[in-house]
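Undergrad: take this sequence and fold it.
(chains A and B)
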Amino acid sequence: MSDIPGSDELTVARFYKILGSKLELVPVDLETGFTNLVRSPDISRPGMALTGYIQHFLHERIQIFGETEITYLNSLSDSEREFALGRIFETPIYCSIVTKGLPAPSELIAYSRSSDSALFLSTRDTTPLIHDLTDLLDEVFAPRTSVYGSLVEVFGIGLLVTGKSAIGKSESVLGLLERGHRLIADDRVFISRIRGILVGRGDSRMGHLMEIRGLGLVEVSNFYGIRAVKERQQVQFEVRLEQWSQDNQEFDRTGLVQKVNNILDISIPQTVIPVLPGRNLTLLLEIAVMNHLLVRQGRNIPREIEDNLINRILDKETDQERRTDMTGG
Amino acid sequence: MTTKMVEVINQLGIHARPAAKIVRNASMFDSHITLTVDGDTVNAKSIMGVMTLAACRGTMIEVQADGDDEREAVAGIVQLVLDGFGED
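TA: Reported below is the predicted structural model:
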């Protein structure tokens, strides 16, 4: 699925190429309507419109002719059927699917041809077909962006490693793969928001390539095999690597501050790790993820330490006051 | 060597957040900086060290620095404490 195009370029031809086999689509005419654009991830059941209520007919969606529509059309006389279909084809319809292996009425074929509208037959049942269709189209129409960084699955968590170029992202990621974690993408991560979660993937045409300075391009699965690579992964946590400098002391010393980064309007927790020569970044990334796992389970260790410390300080103060009172009195 | 005494005035004393502020501030200087409470001396650039002081309100802290920027270092940390670390 990683070669799903952006919504601005989804022609019926591409739609058929990508989803045709999954949805078991057979075009009535190969080519007819194939240059039309799919404009919406939603579908329409034209039943009501066929009976005459065309005020809210959603012609810009893919039309699904299920058993209801087809049996209704077959119950009509030839002229009524001609009229019912003619009325909905007065608005531009770009694509229709007849499900359940039902035969398409000849009038539907004729109107599709004359208005250059694609028409597919599918042997699949209507409801599961609609579910798969909207699932897949949701993905195609999902808002997307790309982030410079690497996406690795570490202990089951989708870790996005970001930071300026040459800061050591790729090297530390290579270390993670060495330790059994899995690479989704290096250098450029394509992220889409699908039903409220962020899904990241790499460029499928590039494979799982990494550029290691001094070595050039390496293909990760050649070294570590299939276990080291993954096609897609939810993006759940970000570590930003930052150059350490004495003037920049802005990073968190306690772990009490939970930063977040906003990607496509979804906030993900972010930790900033300063990079110094000699720091084992791979180890730090693993620890950061384990910390994140603890927080997800409701354990916030720095918070617990802070609460303990505050209690100790307050107890101490009470003790001191008591002592002062005793000596004073 | 520069030394100055300062009293903790904020309600919760030097818990983790103020400790982090001290450490962040101290780390910007080259001087070796220490905090001493009741004979207990810790490195001002170590968060764990500063936290172990568990200094409550009313505690007197001796801030000491040694190095090229010792005056600025001591002044900076004393100011932080006097400002109550921006807390109540």
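
Undergrad: nearest residue to A:Leu276 other than its sequence neighbours?
TA: Distances taken as Cβ to Cβ, 6 or more residues apart in numbering or on different chains place A:Trp244 nearest to A:Leu276, at 4.6 Å, with adjacent residues excluded. From N, CA and C alone the C-beta is placed, and that goes for glycine too.

Undergrad: can you check A:Ser221 too?
TA: A:Val229 (4.9 Å).

Undergrad: tally of neighbours for the one you found?
TA: Applying other Cβ atoms under 10 Å in any protein chain shown, we find 19 residues neighbouring A:Val229.

Undergrad: show me what it is bridged to.
TA: A:Leu183 (DSSP bridges).

Undergrad: quick one on the thing from earlier: count the residues that sit near the residue nearest to A:Leu276.
TA: Neighbours of A:Trp244 under the rule other Cβ under 10 Å: 14.

Undergrad: looking at it, it is touching A:Val275, isn't it?
TA: Yes: A:Trp244 lies in contact with A:Val275 (Cβ atoms under 8 Å); the separation is 5.8 Å.

Undergrad: coming back round to it: can you pull the contacts of the residue nearest to A:Leu276?
TA: Residues near A:Trp244 by Cβ atoms under 8 Å, 6 or more residues apart in numbering or on different chains: A:274-276.

Undergrad: restricted to buried residues, select those residues in ChimeraX.
TA: Selection of buried members from the contacts of A:Trp244 for ChimeraX, criterion 16 or more other Cβ atoms under 10 Å in any protein chain shown:
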select /A:274,275
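
Undergrad: out of the contacts of A:Trp244, which comes closest to A:Glu24?
TA: Using Cβ to Cβ, the shortest approach to A:Glu24 within the contacts of A:Trp244 belongs to A:Val275, at 51.8 Å.

Undergrad: quick one: that closest one and A:Arg61, what's the gap?
TA: 50 Å (Cβ to Cβ, to the nearest Å).

Undergrad: try A:Ile43
TA: Separation of A:Ile43 from A:Arg61 (Cβ to Cβ): 5 Å.

Undergrad: neighbour count: the two, which is higher?
TA: Taking other Cβ under 10 Å, A:Ile43 and A:Arg61 do not tie; A:Arg61 has more neighbours (20 against 17).

Undergrad: and for the residue nearest to that one when sequence neighbours are not counted, the neighbour number?
TA: Closest residue to A:Arg61 apart from its sequence neighbours, by Cβ to Cβ, 6+ apart: A:Ser44 at 4.1 Å. Neighbour count of A:Ser44, defined by other Cβ under 10 Å: 20.

Undergrad: mind listing what A:Ser44 touches?
TA: Residues near A:Ser44 by Cβ under 8 Å, 6+ apart: A:57-59, A:61-64.

Undergrad: swap in A:Val199?
TA: With contact set as Cβ under 8 Å, 6+ apart, A:Val199 has these partners: A:142, A:191-193, A:232-235.

Undergrad: for it, give its distance to A:Leu102.
TA: Separation of A:Val199 from A:Leu102 (Cβ to Cβ) stands at 35 Å.

Undergrad: same check on B:Glu72?
TA: Per Cβ to Cβ, B:Glu72 is found 84 Å from A:Leu102.

Undergrad: compare those two (neighbour count), which wins?
TA: A:Leu102 (19 against 15).

Undergrad: mind listing the helices for chain B?
TA: B:16-26, B:47-52, B:70-82 (DSSP state H).

Undergrad: deepest of the ones you listed, which one?
TA: helix B:16-26 (a mean of 22; mean count of other Cβ atoms under 10 Å in any protein chain shown).

Undergrad: model confidence over that helix, on average?
TA: Averaging pLDDT along helix B:16-26 yields 93.

Undergrad: tell me which other helices or strands it touches.
TA: helix A:301-328, helix B:47-52, helix B:70-82 (3 or more Cβ pairs under 8 Å, 6 or more residues apart in numbering or on different chains; DSSP states H and E).

Undergrad: what's the pLDDT at residue 32?
TA: Reading this off chain A. Looking at A:Thr32, its pLDDT is 92.

Undergrad: actually it's chain B I care about, not the one you picked
TA: So B:His32 comes in at 96 (pLDDT).
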